[in-house]
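Q: give me the fold of what follows.
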Amino acid sequence: FFFNDTATTEIYTEQIVGSVRCVQETVTISYKSLPEALALSWAPPSQTIGKKYPLMYSQCQPIHCRTIAPLQDSPSVKATYTAVVRVLNPLKVFMSANVVKSYKDGKYNVFELEQKIPISSYLIAIVAGNLKQQQIGERTSVVSEVEVVKKYANQLKFMDDQLKSLESYIGEYVWGTYNVVILPPNFIYGGMENPIMTFACPTILFGDKQETIMHEMAHSWTGNLASCSSWESFWVNEGMDKFLERKGDKILFGEEFAKIDALIYNRYLEYDIKSQGEDSSYTSLTPNLWGVNPDDAFSTVPYEKGFQFLTYIESLIGETEFQKFLKSFINAYKFKAANSNDFESYLRQYFHDHFGQIEADVILKNIDFDAWIRRPGYPPVRANFTTPKSQEVTQFVEQYIEFNKQDKNPSQFKKFNKYETYLKVWFLEELLDREHLFDASLLERLHRNHKDTFNGENAEIKLRWLKLAIKKNYEEAFPLLKEFLGITGRLKYIKPLYNELKKVNIGLALKLLKENQNFYHPILNEQLKKLLGVELPQ
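A: Just a heads-up that it's a prediction; the model follows:
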């Protein structure tokens, strides 16, 4: 269970003796990772679907690649890489690189891989296990354990259409193929945008699969091709990616879907800013991360505040002109990295070049770059993403609350069952926003009327339903809560639920963490330990 390899690097040094002379040197480093390397997760057979073979996968973002390879672990440093990996037959290996050769060597399967496009270290990725690749379209496929890969591929058969929708907005996909690896359920993120080979948690299959795949796919341009140069400019990756994701959503699923998704996550942005404090550096698009693990500053701020910044600029110049600008920026920084100042400088120069001095100055006067990028707090211009459908759902929530006070159902309460998932999620978000207006009796009524929805497999719905249950001490839902905390390790779902439990029943929170810590990813355990203020036994 070790990375045990050599790394060879060509170094160019300069000596000045009357004139500049370049000397090429080759340095080879032999190294071995530690068993507790944070970048690697080792799943025993009992935690896999097949129960016969172990499975290993990596998670290098943001600063964990340094635990498995001797390199400059910064998003500003990009490199190509090759790898030769040996695993016992019948196991297979996939990486954020293309397989150029595979063969058998006795009892081993050997894979030679190469990534020719320079990438940041956090995008180096590997997965090894009893895996199979199932093709979906000409350029897309799903990789997972042999027992379930066909079923998973059927769930993600829309990926070709998503790739085409993004290309129609932002330009050619340069990575060749796009593949998704469905990992064990303790994978900490919904998706991780490793080039060529996105890693994903199985929760996306019954929840936010359209949004998650579109988001990770969009990183093929924003993040993987043109990257942030430091985690203090993380929004250059994620704000742009959210913007591009929702453009793809609009093309494929319609404007209503894209706007309500923005509406839902604007609620998360408001919560994160409120909980961290409006004056906290972490609520700025350029937070101060000196001496800070970037994981500790993780929130929706770079995603949603960054998205709203770009949306605001688009509102000033129009969709067509902003599309041209975004294409130009990504092309200028492809294979390179940019920070917030780079973005501002490029935008100013682009506007002067394309709109002329006078018009550009008028537009730029309306963009307060300091307020948007550097100051903490809420976006200086608050976006409105409401739609007729979202307003209809909000009215339905208010009816449910009022009728419940009279021990009645709304006259059309069954229409909830016909809502698409994103509308059900908005319904629950609106309930959470009005939690002070009702007690557990409303949850009992909702559960009685819509039991199949709340007991179903959709993790987006479960998260919000279980948050309500904890807040209102609705004990009927607690068995579902305990089950959910023990079968998924996705940060987006698990940390908020432990945070709610901490407020009302710290004893239960600690008990459940102790029961599940061997299942959770080491990075998640670290975050839960800090959240609950405890040390976990090894």
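Q: just checking, what packs against the helix or strand hosting residue 236?
A: Under the criterion of DSSP states H and E, residue 236 resides in helix 235-253. Under the contact criterion of 3 or more C-beta pairs under 8 Å, 6 or more residues apart in numbering; DSSP states H and E, helix 235-253 touches helix 159-170, helix 209-218, strand 226-228, helix 255-276, helix 306-317, helix 319-333, helix 340-355. Yep, even glycine has a C-beta here, placed from its N, CA and C like the rest.
Q: quick one: contacts of the last one?
A: Translated: helix 340-355. The contact list for helix 340-355 (C-beta atoms under 8 Å, 6 or more residues apart in numbering) reads 229, 232-233, 235-236, 285-286, 313, 317, 321, 324-325, 328-329, 332-333, 338, 360, 363-364, 369, 373-374.
Q: pLDDT averaged over that helix - what is it?
A: Mean per-residue pLDDT for helix 340-355: 98.
Q: check which element follows that helix along the chain.
A: Downstream of helix 340-355, the first helix or strand assigned by DSSP H and E is helix 357-365.
Q: so what touches the helix or strand just after that next one?
A: Later in the chain than helix 357-365, the nearest helix or strand by DSSP H and E is helix 369. Under the contact criterion C-beta under 8 Å, 6+ apart, helix 369 has outside partners residue 344.
Q: hmm, back to that, could the helices and strands packed on helix 235-253 be laid out in TSV, adding mean neighbour count and distance to residue 192?
A: Below are these laid out as TSV (neighbours: other C-beta atoms under 10 Å; distance: least, C-beta to C-beta, whole Å):
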stretch	mean neighbour count	distance to residue 192
helix 159-170	18	16
helix 209-218	24	7
strand 226-228	25	15
helix 255-276	18	19
helix 306-317	20	19
helix 319-333	16	20
helix 340-355	17	24
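Q: for residue 48, give me its contacts.
A: Contacts of residue 48 (C-beta under 8 Å, 6+ apart): 54, 55, 129, 130, 145, 184.
Q: just checking, residue 489 touches residue 183?
A: No. If you go by C-beta atoms under 8 Å, residue 489 and residue 183 don't touch, sitting 10.0 Å apart.
Q: what is in contact with these two at once?
A: What both residue 489 and residue 183 touch, as defined by C-beta under 8 Å, 6+ apart, is the set residue 201.
Q: so what's residue 452 up against?
A: With the criterion set at C-beta under 8 Å, 6+ apart, residue 452 makes contact with residue 417.
Q: what's the first helix or strand after the strand or helix carrying it?
A: Assigned by DSSP H and E, residue 452 belongs to helix 451-454. Next along the chain after helix 451-454, taking DSSP H and E as the criterion, comes helix 459-471.
Q: for that following helix, the distance to its chain's centre please.
A: Relative to its chain's centre, helix 459-471 lies at 20 Å (C-alpha atoms, centre = their mean, to the nearest Å).
Q: quick check: mean pLDDT of it?
A: Rounded mean pLDDT across helix 459-471 is 97.
Q: go on, stretch 197-208?
A: Mean predicted confidence for stretch 197-208 is 89.
Q: what does it rub up against?
A: In contact with stretch 197-208 (C-beta under 8 Å, 6+ apart) are residues 57, 59, 94-96, 125, 127, 143, 152, 155-156, 178-185, 187-192, 212-213, 216-217, 421, 456-461, 488-490, 493.
Q: CA atoms of the strand or helix carrying residue 527 as PDB?
A: In the assignment (DSSP H and E), residue 527 maps to helix 522-532. C-alpha atoms of helix 522-532 as PDB (Å, rounded to 0.1, in the frame of the first residue of the first chain):
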ATOM      1  CA  PRO A 522      -9.400  10.900   6.200                       C
ATOM      2  CA  ILE A 523     -10.000  14.400   5.000                       C
ATOM      3  CA  LEU A 524     -13.700  14.300   6.100                       C
ATOM      4  CA  ASN A 525     -12.600  12.900   9.500                       C
ATOM      5  CA  GLU A 526     -10.200  15.800   9.900                       C
ATOM      6  CA  GLN A 527     -13.000  18.300   9.200                       C
ATOM      7  CA  LEU A 528     -15.500  16.600  11.500                       C
ATOM      8  CA  LYS A 529     -12.900  16.400  14.300                       C
ATOM      9  CA  LYS A 530     -12.500  20.200  14.100                       C
ATOM     10  CA  LEU A 531     -16.200  20.800  13.800                       C
ATOM     11  CA  LEU A 532     -17.000  18.700  16.900                       C
END
